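using only what follows, build the 3D model:
(chains A and B, ligands or ions: 1)
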Amino acid sequence: MAGQTLYDKLWSQHLVKQREDGSALIYIDRQLLHEVTSPQAFEGLRLAGRKPWRLDANLATPDHNVPTTLKERAAGNAGILDPVSLIQVQTLDDNCEAFGIEEFRINDARQGIVHVVGPEQGATLPGMTVVCGDSHTATHGAFAALAHGIGTSEVEHVLATQCLVAQKMKNLRVRVEGRLGTGVTAKDIVLAVIGRIGTAGGTGYAIEFAGSAIRDLSMEGRMTICNMAIEAGARVGLVGVDDTTIDYLRERPYAPTGEQWDAAVAAWRELVSDEDAVFDKEVVFDAAEIAPQVSWGTSPEMVAPIEGEVPDPATIDDDTVKRGVTRALEYMGLSPRQKITDIRLDKVFIGSCTNSRIEDLREAAKVAKGKKVADSIALAMVVPGSGLVKRQAEAEGLDKIFLEAGFEWREPGCSMCLAMNADKLGAGEHCASTSNRNFEGRQGYGGRTHLVSPAMAAAAAIAGHFVDVRDTTLSPREA
Amino acid sequence: MQALKQHQGLVAPLDRANVDTDLIIPKQFLKSIKRTGFGPNLFDELRYLDEGYPGQDASQRPLNPDFVLNQPRYRDASILLTRRNFGCGSSREHAPWALEDFGFRVIIAPSFADIFYNNAFKNGILLVPLDEGTVERLFQEVEASEGYRLAVDLEAQTVTTPSGEVLHFEIDEFRKHCLLNGLDDIGLTLEHEAAIRDFEMKHRSAHPWLFRDREVS
Ligand code: SF4
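Below is the predicted model:
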């Protein structure tokens, strides 16, 4: 018999019941909750007179709606000026209180974007099933956890039953082999992958990211990659356990200690795909060929290498694709064949669950150090992923580097990733953003998002337009 | 959940691939803590010429005359015909809530995004995948004849066109069963309560570090 993939192992370790109709009940070890997708779920529980199945499996924090300016944050919930947002955050607090769920509230140092907070606390562990009412839950797969984004009805279902009704996915392996070039990062890998396989390329699959270039990445880099599995259509992204995983988790608050730690580590070592495991599909990339990527359109698959240009719809045969590209160029205010380096920017956003961890901030700071944000940039902001990331960055003096260069240094939250709070783009503004989605209106009505790595975003802030971060003057890494 | 066995309705064509959840319902409307009332803001950025915000009276806003759902002939549509990878993007269930609130019961497309697929069924919306060629043909038929209606039969897994052509579609048994009977998922799962407890006990002894209440219990 052929060996098992990592996904197969995680699936079978959590299978409660396989139904004849092909659906299954899988047991959920961890549910992360935030203010946007949970109120209707708690309401549903209340209406049906149900209680959460297991309190200690849940952890909550507000992130989407919270303001990121110091003055507002100092006032706690009262600093949320939008009354509708305030109700949502307050409702999360009330629900957690009423049901007895642990929550990191707005001014807790541990508050932050759920997908940054979970791993940072060790609340995400290898071998877990993790769910959250948010599609970027795929992030947690970097720890060899089976992590799904779910809808609100499913949030309620997991609260009430500790299970999820699921269907087994197929296995796709994306192998990235070799060494990344200087200045090329995890974000560029994942954008290049989406650019090649498309936003529906992973639909129905769990994607395992493997190969030497993935093994060489830090946990932060692996999280960036798994985070965007959903942008390739896959609900689940995974990376097998190795020393990097285990070293990251040691002494995290929610991680096991003592004998339990040793037992856990022994179990975690098994969480890799077997040598002879068979994948339904495999795609291979050569890391050395990946250049820094920039998205030019309104779908994450619309990307080009920094030295490239915007496509020309006239050269596209497929009618649906051609129409999509034409519409995207119009929305983005770009002309066919325009060089990527000729795209001028109005704003720069460094943050989001894709790229707001300490390593991301270090990469951006290296580029920004001793430089100045271009005069033509109306706003360049850095939003750490959590209170603890912020504290760490400040201990390393990164905040000073950003402030001296002319960036704003903000409080943690989702911020301009989806612009549910006050941080947004104006109509027609171009933004270099380290987030994950460039859909129409995502960062503000009529706003134009370009997805890039933190180093590329910082370099663009300084130049006022996109530039190749591999240029020696801006090189973020010593080769 | 509302059951759906058969549905007959007017078809509206949304000729666009990769329609994402931000486009279906922009994020400013996600601030609601309710499940209802999202219909007026379905496809908000396409439908209106101004920028929408929660709590507004939508009937006073300038409509975009070019948007398909604003054309009188499609006003009462309950079946949406669209292109590949519909519903990609976020996990927001507000997307199917908005579609349902607007009056859509059936969506036909070559493919759907995974999370949206689950969310739609949980809200009584039937998603019908048909191949690209067939969808293209339906687009032509819808646009060519005003008042174009389709009849969908979930039991038989068929869509019947006005000319009497019968198209077959796939759906998994579990979803079909739930939708036909309007079943509450949670109730169904709790029928397996004993199996869940059983699993939980074994899981706890094999992986005690996954249970933080272990010291107290
Ligand atoms: S940072 Fe953006 S993508 Fe991540 S959870 Fe927040 S809104 Fe969603």
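
check what pLDDT the residue of the stretch 201-350 of chain A found nearest chain B gets.
Distances between the stretch 201-350 of chain A and chain B by CB to the nearest CB are smallest at A:Pro256, namely 3.6 Å. Where you see a C-beta, it was placed from the backbone N, CA and C, and this is true even at glycine. Looking at A:Pro256, its pLDDT is 97.

likewise for the one 10 residues further on?
The confidence metric pLDDT takes the value 98 at A:Ala266.

does it belong to a helix, a strand or coil?
Following DSSP: H, G, I helix; E, B strand; the rest coil, A:Ala266 is assigned to helix.

show me what secondary structure element comes after the longest strand out of those in chain A.
The longest strand of chain A (DSSP state E) is strand A:170-177. Next helix or strand after strand A:170-177 toward the C-terminus (DSSP states H and E): helix A:186-197.

now for that next one, which elements pack on it?
Applying 3 or more CB pairs under 8 Å, 6 or more residues apart in numbering or on different chains; DSSP states H and E, we find helix A:186-197 packed against strand A:170-177, helix A:219-227, strand A:281-286, strand A:293-295, strand A:303-305.

what packs against whichever helix or strand comes after that helix?
For helix A:186-197, the following helix or strand on the C-terminal side (DSSP H and E) is strand A:205-210. When contacts are defined as 3+ CB pairs under 8 Å, 6+ apart, strand A:205-210 packs onto helix A:6-14, strand A:170-177, helix A:219-227, strand A:236-238.

the residue in chain B positioned nearest to the ligand - how many residues pack around it?
The ligand sits closest to B:Ser90 of chain B, with a gap of 7.0 Å, by CB to the nearest ligand atom. As a burial measure, B:Ser90 scores 31 neighbours (other CB atoms under 10 Å in any protein chain shown).

now it: how far from chain A?
Per CB to the nearest CB, to the nearest Å, B:Ser90 is found 5 Å from chain A.

give the contact list for that residue.
A:134-135, A:149, A:437, B:20-22, B:115 (CB atoms under 8 Å, 6 or more residues apart in numbering or on different chains).

not counting its neighbours along the chain, what's nearest A:Ser23?
What sits nearest to A:Ser23 in space, not counting adjacent residues and going by CB to CB, 6 or more residues apart in numbering or on different chains, is B:Phe174, at 3.9 Å.

wait, doesn't that neighbour sit right on A:Gly22?
Yes - if you go by CB atoms under 8 Å, B:Phe174 and A:Gly22 touch, sitting 6.6 Å apart.

ok, those two, which is more surrounded?
Comparing B:Phe174 with A:Gly22 by neighbour count (other CB under 10 Å), the higher total belongs to B:Phe174, at 20 against 12.

quick one: list the elements packing against the strand or helix carrying the more buried one.
B:Phe174 belongs to helix B:173-181 when elements are defined using DSSP H and E. Secondary-structure packing of helix B:173-181 (3+ CB pairs under 8 Å, 6+ apart): helix B:114-122.

try it again with 6 Å
Taking 3 or more CB pairs under 6 Å, 6 or more residues apart in numbering or on different chains; DSSP states H and E as contact, there are no helices or strands that helix B:173-181 lies on.

what residues does chain B have near chain A?
Neighbours of chain A within chain B, by CB under 6 Å from any CB of the partner chain: B:17-18, B:20, B:22, B:26-27, B:30-31, B:33, B:35, B:45, B:51, B:54, B:83, B:85, B:88, B:90-91, B:93, B:114-115, B:119, B:122, B:172-174, B:185-186, B:189, B:192, B:195-196, B:199, B:209-210, B:212-213.

keep only those of the residues you listed that are in strands.
Short answer: these have none in strands (DSSP E).

are any of those residues buried, and which?
Burial by neighbour count, 16 or more other CB atoms under 10 Å in any protein chain shown: within those this picks out B:17-18, B:20, B:22, B:26-27, B:30-31, B:33, B:35, B:45, B:51, B:54, B:83, B:85, B:88, B:90-91, B:93, B:114-115, B:119, B:122, B:174, B:185-186, B:189, B:192, B:196, B:199, B:209-210, B:212.

how many neighbouring residues does A:Ala48 have?
A:Ala48 has 12 neighbours, counted by other CB under 10 Å.

between the helices and strands packed on helix A:186-197, which gets nearest to the ligand?
Nearest to the ligand, of these and by CB to the nearest ligand atom, is helix A:219-227 at 7.6 Å.

so which elements touch the helix or strand hosting A:Ala455?
Taking DSSP H and E as the criterion, A:Ala455 maps to helix A:454-463. Under the contact definition 3+ CB pairs under 6 Å, 6+ apart, helix A:454-463 sits against strand A:347-350, helix A:358-368.

tabulate these (TSV), appending mean neighbour count, distance to A:Met381 and mean pLDDT.
Formatted as TSV, those follow (neighbours: other CB atoms under 10 Å in any protein chain shown; distance: least, CB to CB, whole Å; pLDDT from 0 to 100):
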stretch	mean neighbour count	distance to A:Met381	mean pLDDT
strand A:347-350	29	6	98
helix A:358-368	25	11	97
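
how about those, which one is nearest chain B?
Of these, the one closest to chain B (CB to the nearest CB) turns out to be strand A:347-350, at 15.2 Å.

how far is that closest one from where the chain is centred?
Its chain's C-alpha centre and that of strand A:347-350 lie 16 Å apart, by CA atoms, centre = their mean, to the nearest Å.

partner strands of it, with direction?
Partners of strand A:347-350 in the sheet, by DSSP bridges, are strand A:379-382 (parallel), strand A:430-433 (parallel).

so what touches the first one?
The list of residues contacting strand A:379-382 from outside it, by CB atoms under 6 Å, 6 or more residues apart in numbering or on different chains, reads A:347-350, A:373, A:402, A:407-410, A:461.

could I get that strand in CSV with only the CA atoms?
What follows is strand A:379-382, C-alpha atoms only, in CSV (Å, rounded to 0.1, in the frame of the first residue of the first chain):
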residue,chain,number,x,y,z
LEU,A,379,0.5,57.6,3.5
ALA,A,380,2.9,54.8,4.3
MET,A,381,1.9,52.7,7.3
VAL,A,382,3.2,49.7,9.2
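
any stretches of chain B with poor pLDDT?
Within chain B, the stretches with pLDDT under 70 are B:214-217.

counting residues, which strand of it comes out longest?
strand B:6-14.

tell me which other helices or strands that strand touches.
Contact here means 3+ CB pairs under 6 Å, 6+ apart; on that basis strand B:6-14 packs against strand B:79-82, helix B:132-144, strand B:149-153.

still on that earlier bit, closest to B:Leu127 among the contacts of strand A:379-382?
B:Leu127 lies nearest to A:Phe349 out of the contacts of strand A:379-382, by CB to CB, at 34.0 Å.
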